[in-house]
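Undergrad: A predicted structure for the sequence below; I have some questions about it.
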Amino acid sequence: MPRVPRIAVVGSANVDLTTFTDRFPRPGETIFGREFHLGFGGKGANQAVAARLCGAEVSMIARLGDDLFGPATVQNFRSFGIDATHVHITPSVSSGVAPIFVDTAGQNRILVIKGANDRLLPADIDAASDVLASADFIVLQLEIPLDTVYYTLRFARERNVRTILNPAPGQPLDAREIANADYLIPNETEAEAITGIALEGLEGARACAAHLIGRGQPRVIVTLGANGALLATADGMRHIPAFPVDAFDSTGAGDAFIGSLACFLASGFDESEAISRANLYAALSTLSAGTQKSFVTLEKFEAEWEGKRRGRSVAVVRD
């Protein structure tokens, strides 16, 4: 790793309640699931853990509820070595939770209850200004109030701190506000929600990306799952292929991509290699169940990366 980057994540922290089932129930139907896992999640927290496991120094800015999940989530951050100084407990509010349902093909459906995540306000950004201003990258998502996201992007732009905005869950956004993000990284569904353009395959991704660049977005990366990722700038577009794996659970793969990419970019890798590395890191995360606990360490990642460079196939052994 060329250098140790500093990443600040402003975002959500949830507890994931994951059910594995052979199929999803129809309306009004009750069926038996196969397995149940409880784990720490939230897009912001997941991305923070991925960045940390990839070798970054990471600070988390978030809010939790004053329930059983709050202190446990703070301890989870600390167990990874993530700075939780600006993770605050909010009185009389629940922590965020995310019931997740995964079928036998590894596809997931997720319902997010925001809880205390909705109480992360611009005042919390000001309180963490020293940490944010010294970061190599600030990473944001949309499981916190939009006003806070926009405020943080303006804060970073004024201080020349690079930012990544993962616009998830997908929703219409203010084009002028999100243009403050150095990287806008939606998946296919989120790109459709932002642009209103139906996205079908790589050509659809190109159309969405061109639309966003035309609205003033400096850089757009559309993640395409098994089809890799599309990087778009005003100078052109580049498709970076994925690494095929036998996916077991795709939950959290997008977060693995975002967190690892922030680390790789801040470490000094050029964009193409950083995205290719993030593609591989995300692919490896699908080989095990869950979100944070499916993310691999830097040592495991580098072994797989070296294997890929030597022409060996990606391992599919599950922990």
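TA: Ah, there it is.
Undergrad: which residue ranges form the strands in the stretch 201-319 of the chain?
TA: Under the criterion DSSP state E, counting those that start in this stretch, strands of the stretch 201-319 of the chain are mapped to 219-223, 229-233, 236-240.
Undergrad: okay, the ones you listed, which one's buried deepest?
TA: strand 219-223 (a mean of 25; mean count of other CB atoms under 10 Å). (Glycine included, C-beta is placed from N, CA and C.)
Undergrad: So what angle separates the directions of that one and strand 236-240?
TA: Strand 219-223 and strand 236-240 are oriented at 30 degrees to each other (axes from the mean of the first three to the mean of the last three CA atoms, to 10 degrees).
Undergrad: by how many degrees do strand 219-223 and strand 229-233 diverge?
TA: Here strand 219-223 runs at an angle of 170 degrees relative to strand 229-233 (the same axes, to 10 degrees).
Undergrad: residues in contact with strand 219-223?
TA: Strand 219-223 has contacts (CB atoms under 8 Å, 6 or more residues apart in numbering) with 182-188, 191, 199, 205, 208-209, 212-213, 229-233, 254, 257, 261, 275, 282.
Undergrad: contacting residues around the helix or strand encompassing Val131?
TA: Assessed by DSSP states H and E, Val131 sits inside helix 129-133. Contact with helix 129-133 is made by 8, 10, 59, 61, 83, 85-86, 125, 138, 152, 155-156, 159, 161, as judged by CB under 8 Å, 6+ apart.
Undergrad: Inside helices: which ones of those?
TA: The members of the contacts of helix 129-133 that map onto helices under DSSP state H are 125, 152, 155-156.
Undergrad: Next, format those as JSON lines and append distance to Ser92, pLDDT and neighbour count.
TA: Below are the ones in helices among the contacts of helix 129-133 laid out as JSON lines (distance: CB to CB, whole Å; pLDDT from 0 to 100; neighbours: other CB atoms under 10 Å):
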{"residue": "Ile125", "distance to Ser92": "22", "pLDDT": "98", "neighbour count": "21"}
{"residue": "Thr152", "distance to Ser92": "25", "pLDDT": "98", "neighbour count": "29"}
{"residue": "Phe155", "distance to Ser92": "28", "pLDDT": "98", "neighbour count": "21"}
{"residue": "Ala156", "distance to Ser92": "31", "pLDDT": "98", "neighbour count": "24"}
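Undergrad: Tell me which of the contacts of strand 219-223 fall in helices.
TA: 188, 191, 205, 208-209, 212-213, 254, 257, 261, 275, 282.
Undergrad: Within its sheet, name the partner strands of the helix or strand of the chain with the lowest mean pLDDT and how each one runs.
TA: In the chain, no helix or strand scores lower on mean pLDDT, DSSP states H and E than strand 108-110, which sits at a mean of 84. In the sheet, strand 108-110 lines up against strand 96-102 (antiparallel) (DSSP bridges).
Undergrad: Which residues does the partner strand contact?
TA: Contacts for strand 96-102 (CB under 8 Å, 6+ apart): 12-21, 24, 41-42, 64-65, 69, 108-117, 143, 249, 251, 289.
Undergrad: same thing but 7 Å
TA: For strand 96-102, the external contacting residues (CB atoms under 7 Å, 6 or more residues apart in numbering) are 12-21, 24, 41-42, 108-117, 249, 251.
Undergrad: Buried among these? Need that as a selection in PyMOL.
TA: In PyMOL, the members of those classed as buried (16 or more other CB atoms under 10 Å) are selected with the following command:
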select buried, resi 12+13+14+15+16+17+18+20+21+41+42+108+110+112+114+115+116+117+249+251
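Undergrad: so where is the protein shaky, pLDDT-wise?
TA: Within the chain, the stretches with pLDDT under 70 are 1-3, 311-319.
Undergrad: Just want the most central residue of it.
TA: Closest to where the C-alpha atoms of the chain average out (CA atoms, centre = their mean) is Asp255, at 2.6 Å.
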